[in-house]
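**Q** for reference, the sequence and a predicted model appear below.
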Amino acid sequence: MPASGERAAKIEPVTPEKFRIGLVQTRCGLDPDANLELATSKIREAASKGAQIVCLEELFRSQYFCREEDARLFDLAESIPGPSTDRLCPLAAELGVVIIASLFEKRAPGLYHNTAVIIDADGTMLGMYRKMHIPDDPLFFEKFYFTPGDLGFRAFDTKFGRIATLVCWDQWYPEAARLAALTGARILFYPTAIGWHPAEKAEYGEAQHDAWKTAQRAHAIANGVYVAAVNRVGFEGPEDRGLEFWGASFVADPFGRVVAQASHDEEEILVVECDEKVIEETRRGWPFLRDRRIDAYGPIVNRFLA
C-alpha cells in the first residue's frame, strides 16, 4: 500500500467547492467476515482513485436475507458501535475518507433496524440514519426484520461537505428526499439492494429499472442536489426463489443528468466529482425551494384525502 503522501501526489487537488464520491458496487457472499474484508479492500481502492466520501451498498455484510422469513437470520445483526464500525472507523482515519456503511442493527433484544452509519474522515462516527420506509413485497420481507426508523431525516457535516443518507425503499418517496434536502444536504446517498424476480425480468425488467432511476433523478431535479444510488450485483438465493440484483449504481447531478453509471452485472467502483457551484447555478435557474407553498402543505401528513 503506498504511503499517504504518495497516494495524494497522484490525485488532482480538489477545491473547497468540489468533492469526490466513491460508490462501491459488489457481489455479497455467505460469509459476513469475507464481505467485510471485500468492502475494506474496495474502500481502499476507491480512496486510491481519489474518492473522499465512499458509500457501500445496503446491508453489505451479508447476502440479502430478507428474501425469506427466518428468525435464525436475526443472528446476522450487530450492535452499533460494534464489529463493523470497529473496523471501518480506523480505516476512515487511515485513508482520510468519509465512509457510509449500511448495517443490520441490533438495538435491543427483539428490536432491529436497517441502519446507515456515517463515519467522518478522522474516524469519528458522526451518527446514524435508520431506514424509515420498510417494504413487504415478495422476496423483500423487510417488515419481518426491521423496525421503522425513529431518527428522522438528518444531514451530517463531514470533512468534505454536508450529506444525507436514506436507504433503498426510501428512494421512492419524494417526501423523504425533500426533507433530507431541506436539512441542507448537498448530496443524497441511497445504499440499495434491489433487483429482478427472474420470472418477471423479460416482461417488466427494463421498465422496473427505468422507474427506479427516473424516481431518483426526479429527486435530484426537484431538490437541486446530487443523488447517488449504490446497488449490489449478482444472483442470490435458490434458482426458483432468488433475486438478480441489477447493479447500475449511478450519480445524478442537480439537473437530473446521469453523470456516471455502473453496469448491471459487474463489480465496479464509480468515482465522481461533485461541484457545489452546479447546485447554486441549478437552483438559481429552477428556484423550486423559493416557490414552495409551505402554507398550503398541511394536508400532506394525512394518509389519504379523498
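**A** Good, I have the coordinates. This is a predicted model, so every value here is computed, not measured.

**Q** next one: the helix or strand hosting residue 127 to chain centre, how far?
**A** Following DSSP states H and E, one finds residue 127 within strand 125-130. Mean-position distance between strand 125-130 and its chain equals 13 Å (C-alpha atoms, centre = their mean, to the nearest Å).

**Q** check contacts around residue 22.
**A** 43, 46-47, 49, 51-55, 97, 269-272 (C-beta atoms under 8 Å, 6 or more residues apart in numbering). Glycine gets a C-beta too; all of them are placed from N, C-alpha and C.

**Q** where in the stretch 101-250 of the chain is pLDDT low?
**A** Along the stretch 101-250 of the chain, no part satisfies pLDDT under 70.

**Q** where exactly do the helices run in it?
**A** Ranges of helices within the stretch 101-250 of the chain are 174-182, 198-223, based on DSSP state H, counting those that start in this stretch.

**Q** in CSV, list those along with distance to residue 121 and mean neighbour count.
**A** Below are the helices of the stretch 101-250 of the chain laid out as CSV (distance: least, C-beta to C-beta, whole Å; neighbours: other C-beta atoms under 10 Å):
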stretch, distance to residue 121, mean neighbour count
helix 174-182, 21, 19
helix 198-223, 25, 16
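
**Q** which strand residues bridge residue 19?
**A** residue 274 (DSSP bridges).

**Q** and the longest strand along the chain, how far out from the chain middle?
**A** As assigned by DSSP state E, the longest strand anywhere in the chain is strand 98-108. For strand 98-108, the separation from the chain centroid amounts to 12 Å (computed by C-alpha atoms, centre = their mean).

**Q** re the thing from before, return the subset of the contacts of residue 22 lying in strands.
**A** Among the contacts of residue 22, the members that lie in strands (by DSSP E) are 53, 54, 55, 269, 270, 271, 272.

**Q** ok so, going back, which among the contacts of residue 22 end up buried?
**A** Using 16 or more other C-beta atoms under 10 Å as the burial test, the contacts of residue 22 include 43, 46-47, 51-55, 97, 269-272 as buried.

**Q** turn those into CSV, columns for distance to residue 123 and pLDDT.
**A** CSV is the format used below for these (distance: C-beta to C-beta, whole Å; pLDDT from 0 to 100):
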residue, distance to residue 123, pLDDT
43, 13, 98
46, 17, 98
47, 14, 98
51, 16, 98
52, 15, 98
53, 14, 98
54, 14, 98
55, 17, 98
97, 10, 98
269, 21, 98
270, 24, 98
271, 21, 98
272, 24, 98
